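Student: Predicted model and sequence follow; I will ask about them next.
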Amino acid sequence: MTIQKTLSRHLQTALKNLLGDALPPTCKIGVDAAQDLRYGDYQSNVAMALARSLQKNPRAFAEEIVRNLGEIDEAEMEIAGPGFINFRIRPAYFARKLFSMSGDPRLGVATTEHPQTIVIDFSAPNVAKPMHVGHIRSTIIGDTLARVARFMGNKVITDNHIGDWGTQFGMILWGWKHKLQPELLEKDPIATLLQVYKDVNALCKEKAETLEECKAELVKLQSGDTENLAIWKRCIQLTRTGLEKIYDRLDIHFDYWLGESFYNDALAPLVQDLMERGIARESDGAVCVFSDGFHKPQQDPFLVSKDGQWQAVPAIIRKADGGFLYATTDLATLDYRIRQFHADAIWYVVGAPQDKHFKQIFDIERMRGVTGDFRHIAFGSILGKDRRPFKTRDGETVSLQDVISEAIERAGRVVREKNPSLPEEEQEKIAQAVGIGAIKFAELSQNRLSDYIFDWDKMLALTGDTAPYLQNSFVRICSIFRKTNTHFDAITLDSPPILRHDAEMQLARLLVRFAEVVPAILEDCRPNILASYLYELARSFHSFYEACPVLRSEGEERESRLALCALTARVLRRGMDLLGITLPERM
RNA sequence: GGCCUCGUAGUUCAAUGGAUAGAACGGCCCUCUCCUAAAGGGCAAAUACAGGUUCGAUUCCUGUCGGGGCUACCA
């Protein structure tokens, strides 16, 4: 059990003793890690929170609680400020926690009490278009959430819902037939397809007749024309091959690649069903679902004023021309995931601008009686230097491939400079771990909802609050263990470590919190709390490393410090694994 | 117009309603005979504005100003 929970239980007992039935059953007994060491290690606000409804003085009530608790093994308590109960954990208790943690492969992290089947939908690039920086957020955040959810004991299914059936295929098909240079296609399929798309797109703006021809190609494809289907399949295959290369480099993998086209046959029956059940109806020739969730302006995010009348913004599921849309496919996809995967939860890692779309989808499912934990895990936009979102429509943005290559190159320059004696092969491996780690960590250490400005130097920075800083702390530990006979994994403690130095205590304080931090990530799907925890841990380790000699200390102090290093290494490795970042043993 | 969202050091980002608002980069000082200096230790520097709720507000509510997004047949 985490320290947080242990202390919380103590408080609960005390409050029951004091209040009996007067204790509201829903009362959350919060115990938090203190933000400042002056106030101890953990703190609770219950006294202040309850004082008002009990008509008691918060400070006096806090004293009552502490008196009722009496002496506890774990910590000393004191009342401070307006009624905080501060806990100062006894070093011996920290040491005991570290001892039990070091014998646990999960490092104290409990699995979830209610394991679920969770489908996570992320990345989802379009066919025939390369991934650009805009895909970084969904891809990296989604992958980390999948890793964490899995580690917590859930059954996780990752699904790359690629855009393989959009209207862009009209242009691509036309371009394939009129513009394609086969030799270029061999060399770099995705870039060539993108160029074809861009050229045709430009051409369509000039010549209306080309646009018409493109539309005709799309209709042919959709009605099952053999030639067009073959080209379409080839495009998907080429794209997928190219994408897999990038995903491999990023060490990100999907259980399924069920793109939009997979659901084609399900769309017509779905619309039919929704109409028969009275959920969808025709409006202006299109088939729409008008959400019934809200009806008053101000409360309804889907209401819009049209011709002076308030009316709902519908989710259109069939166009007047009979075509289906994004919303239709998403409904069919959700059905499939419930039916085939038996999903309890479906998480969509998709940008914040699509907020309304998902509200509509989830609302329609509610109207149909489909239940589940559906979440739109939104994230902010990546902005250009001008603070405006990249306009992906023009295709003028930075490709993900370029970001990755540049990152590895920059890291490579530093490795060669810092560690010229290493074999070239190993230098290259380190450059990969450092470069890709830097990209991932830069993404994961931000609050997912904030917009941020794309900046090469920031995303690829190698000093400061970055992956290499964390990797370096691990490397320092490996370096210590290279000079002893044991590997850090082989360390087994006979007794709890000794914590005398401030730096040792601080490290201990952070190490035991790993078990509190990991489950908290999924409460709000925020990987950045893990990233910032790991950064803090690495910082604490670096301080410890400067202040406390390990190999040059003696006796039980040496053993104890070795144990602290070993445990730090294991927490770093597990934590970075949850973030999908590789830790090199030297750099 | 309506709805959503954001506004924090020079810059880029943090902060489940908690105590003296954290970092990083940049700037200015120190520290390699010592387990890797991709490091450590210091200094200066910020909550857009005005009200309200609360013992306590960067966080919740209202308004103003300013950015961005969405607002029926693209995905």
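Tutor: Here it is on my side, so go on.
Student: all contacts plus neighbour counts: C-alpha atoms, from now on.
Tutor: Noted.
Student: Tell me where the model's unsure across the stretch 51-200 of chain A.
Tutor: Along the stretch 51-200 of chain A, the model assigns pLDDT under 70 to no residue.
Student: Residue numbers of it in contact with RNA strand B?
Tutor: Residues of the stretch 51-200 of chain A found near RNA strand B (Cα under 7 Å from any atom of the strand) are A:Arg52, A:Ala80, A:Gly81, A:Pro82, A:Phe84, A:Ile85, A:Asn86, A:Asn126, A:Gly163, A:Trp165, A:Gly166, A:Thr167.
Student: Please tell me how far the third one sits from A:Val31.
Tutor: When Cα to Cα, to the nearest Å is the yardstick, A:Gly81 and A:Val31 sit 16 Å from each other.
Student: what's the answer for the second one, then?
Tutor: As judged by Cα to Cα, A:Ala80 and A:Val31 stand 15 Å apart.
Student: Between the two, tell me which one has more neighbours.
Tutor: A:Val31 (22 against 14; other Cα atoms under 10 Å).
Student: OK, contacts around the closest residue to that one other than its chain neighbours?
Tutor: Closest residue to A:Val31 apart from its sequence neighbours, by Cα to Cα, 6 or more residues apart in numbering: A:Ser44 at 4.6 Å. A:Ser44 makes contacts with A:Ile29, A:Gly30, A:Val31, A:Asp32, A:Phe84, A:Ile85, A:Asn86, as judged by Cα atoms under 8 Å, 6 or more residues apart in numbering.
Student: could you redo the last one with a cut-off of 7 Å?
Tutor: Taking Cα atoms under 7 Å, 6 or more residues apart in numbering, we find A:Ser44 in contact with A:Gly30, A:Val31, A:Asp32, A:Phe84, A:Ile85, A:Asn86.
Student: And it, how far from RNA strand B?
Tutor: To RNA strand B, A:Ser44 is 7 Å away according to Cα to the nearest atom of the strand, to the nearest Å.
Student: ditto for A:Phe324
Tutor: Look at A:Phe324 and RNA strand B: by Cα to the nearest atom of the strand, they are 6 Å apart.
Student: Look up how far RNA strand B lies from the closest residue to that residue other than its chain neighbours.
Tutor: Of all residues not flanking A:Phe324 in the chain, A:Arg318 sits nearest, at 4.7 Å (Cα to Cα, 6+ apart). Distance check for A:Arg318 against RNA strand B: by Cα to the nearest atom of the strand, it reads 6 Å.
Student: Is there a neighbour count for A:Arg318? I'd like the number.
Tutor: 23.
Student: Look up phi and psi at it.
Tutor: Backbone torsions of A:Arg318, given as degrees, to the nearest 10, read phi -150, psi 130.
Student: A:Cys288 now?
Tutor: phi -130, psi 160.
Student: Leaving out chain neighbours, which residue sits closest to it?
Tutor: A:Ile316 (4.4 Å).
Student: OK, contacts around that neighbour?
Tutor: A:Ala286, A:Val287, A:Cys288, A:Val289.
Student: okay, and the helix or strand of chain A with the least pLDDT?
Tutor: Considering only helices and strands, the least confidently modelled element of chain A by mean pLDDT, DSSP states H and E is strand A:303-306, at a mean of 46.
Student: Pull the most distant pair out of the residues of the stretch 51-200 of chain A next to RNA strand B.
Tutor: By the measure Cα to Cα, A:Ala80 and A:Thr167 form the most distant pair in these, at 64.2 Å.
Student: How many residues are close by A:Gln12?
Tutor: 20.
Student: Could you say which helix or strand holds it?
Tutor: Assessed by DSSP states H and E, A:Gln12 sits inside helix A:3-19.
Student: got it, and A:Pro82?
Tutor: With DSSP H and E as the test, A:Pro82 turns up in no helix or strand.
Student: what's A:Glu244 sitting at in phi/psi?
Tutor: phi -60, psi -30.
Student: gap between it and RNA strand B?
Tutor: 20 Å.
Student: Please give me every residue in contact with that residue.
Tutor: Here A:Glu244 is in contact with no residues (criterion: Cα under 7 Å, 6+ apart).
Student: which residue sits closest to A:Pro189 in space, ignoring its chain neighbours?
Tutor: A:Leu238 (6.2 Å).
Student: Quick check: A:Ile498 touching A:Arg558?
Tutor: No. Counting by Cα atoms under 7 Å, A:Ile498 does not reach A:Arg558; the two are 9.7 Å apart.
Student: Now list whatever residues contact both of these two.
Tutor: By Cα under 7 Å, 6+ apart, no residue touches both A:Ile498 and A:Arg558.
Student: out of those two, which sits in the busier spot?
Tutor: More crowded of A:Ile498 and A:Arg558, by other Cα under 10 Å: A:Ile498, with 21 against 18.
Student: ok, the more buried one - contacts?
Tutor: A:Ala95, A:Glu557, A:Ser560.
Student: cutoff 8 Å now
Tutor: A:Ala92, A:Ala95, A:Glu556, A:Glu557, A:Ser560.
Student: Just after the host helix or strand of A:Ala327, pick out the following helix or strand.
Tutor: Using DSSP H and E, A:Ala327 sits in helix A:326-341. As assigned by DSSP H and E, the chain's next helix or strand after helix A:326-341 is strand A:345-349.
Student: Mind checking if that next one is in reach of RNA strand B?
Tutor: No. Judged by Cα under 7 Å from any atom of the strand, strand A:345-349 stays clear of RNA strand B, getting no closer than 13.3 Å.
Student: How about residues contacting that strand?
Tutor: A:116-123, A:138, A:141-142, A:334, A:372-379.
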